[in-house]
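# Just a sequence and a predicted model for now, questions to come.
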Amino acid sequence: VHRREDWFWKLAHWLTDRFDVLYFETLNLKAMQRLWGRKASDLGFRSFLQILEWVAQKKGKVVAYIDRWFPSSKTCSGCGYVLDELDLSVRRWRCPSCGSENDRDENAAINIKQVGASTCGRGKVSQAQPAFTV
Ligand SMILES: [Zn+2]
C-alpha cells in the first residue's frame with residue numbers, strides 16, 4: 001500500500017511539472033475506476049486524484065473534470081459560438097460569429113482551460129499562462 005502511494009506522489013509531481021492544466025474526461029474516469037477497481041483497490045484511483053489535486057493546488061496548476069461531450073474543439077474560444085460539426089481533418093476554422101480563426105488544438109486547449117479555471121475558481125491565476133507547456 002505504501003509503495004503505491006509513493007508512486008502516486010511521484011506521478012502527481014511529474015504531471016504537474018509538465019502541465020498547467022490536467023483534465024480528465026468524466027466518462028473515462030468511470031472506465032478507469034472500473035479497471036483499477038479490479039486490479040487493486042476501488043480507492044486507488046480516487047486517492048491518486050486527491051494527491052494530484054493537492055499537488056496541483058500547491059503549484060498553482062489546475063485539475064479539471066470535463067464532460068466527455070463538452071465540444072472543446074468546435075466551441076469558439078473567443079465568443080463561445082458552437083459549430084454544428086467539425087470534421088476531424090479540419091485543423092483550423094474561422095468562427096462565423098466573431099470571425100476569429102481558431103487552431104483546432106489551441107482552441108480546444110483554451111476552452112478546456114477555461115472550464116478548468118471555472119471549476120477550480122482560479123481563473124485569474126491560470127489564464128495568463130499557456131494551457132500546455134509541452
Ligand atoms: Zn467566435
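Perfect, I can see it now. Numbering: from 1, shown residues only.
# mind listing what residue 115 touches?
23, 64, 66, 70, 72 (CB atoms under 8 Å, 6 or more residues apart in numbering). Yep, even glycine has a C-beta here, placed from its N, CA and C like the rest.
# 10 Å - rerun?
Applying CB atoms under 10 Å, 6 or more residues apart in numbering to residue 115 gives the contacts 21, 23, 62, 64, 65, 66, 67, 70, 72, 75.
# What strand or helix carries it?
Assigned by DSSP states H and E, residue 115 falls within helix 104-120.
# any idea of the mean pLDDT for that helix?
Helix 104-120 shows a mean pLDDT of 74.
# follow-up on the earlier one: select only the buried ones of the contacts of residue 115 in PyMOL?
In PyMOL, this line selects whichever of those come out buried by 16 or more other CB atoms under 10 Å:
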select buried, resi 21+23+62+64+66+72+75
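# farthest pair in the contacts of residue 115?
The most widely separated members of the contacts of residue 115, counting by CB to CB, are 62 and 75 (18.1 Å).
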